[in-house]
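Asks: Here's a sequence, model it:
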Amino acid sequence: MASRLLQVCGALRGLSAGRSPLGRGPLRLTGAACSMGAGGIPSDEEQATGMERKTMKALEKGLDPYNMLPPKRYAGTKEDPNIVPSITDKRLVGCICEEDNSTVIWFWLHKGNPQRCPSCGAHYKLVGYQLP
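Replies: Okay, the predicted model is just below:
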């Protein structure tokens, strides 16, 4: 594949000189070689297909189909709790209560009213999430 690509690139350079760089008579370019010389290498958006294309289109619209972006920050109070998405009625949540703490406090979060972290008192609320 690499040698074929180099031959096509050499053939394209030979066009400007008006001769065949391979010395095999008149030069004939295929459709792939012509488009490669005219348009260059396709971008990720042009050659993406299937789920990759759907994901890229969703990200362009500002959606986050697979929770790839960092979560939105909330105050963590009872009025403005940290939102935790889940496809079930409960989820295991880990809270690092202090910035320089290396211990994670794990607790179960259930759907309904906001719940507090047993150590620091930050509030979390479980909300339903539909898979794409």
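
Asks: which non-adjacent residue is nearest D44?
Replies: M56 (7.4 Å; CB to CB, 6 or more residues apart in numbering). The C-beta positions use only the backbone N, C-alpha and C, and glycine is treated the same way.

Asks: after the helix or strand where the one you found lies, next one along is what?
Replies: M56 is located in helix 50-60, with elements delineated by DSSP states H and E. Past helix 50-60, further along toward the C-terminus, the next helix or strand under DSSP H and E is strand 82-86.

Asks: Who are the packing partners of that following strand?
Replies: strand 123-128 (3 or more CB pairs under 8 Å, 6 or more residues apart in numbering; DSSP states H and E).

Asks: what's the strand it packs on packed up against?
Replies: Helices and strands touching strand 123-128, as assessed by 3+ CB pairs under 8 Å, 6+ apart, comprise strand 82-86, strand 90-95, strand 105-110, strand 115-116.

Asks: partners of it, with directions?
Replies: Here strand 123-128 has these sheet partners by DSSP bridges: strand 82-86 (parallel), strand 115-116 (antiparallel).

Asks: So H123 sits against N113, correct?
Replies: No. H123 is beyond contact range of N113, at 9.5 Å (criterion: CB atoms under 8 Å).
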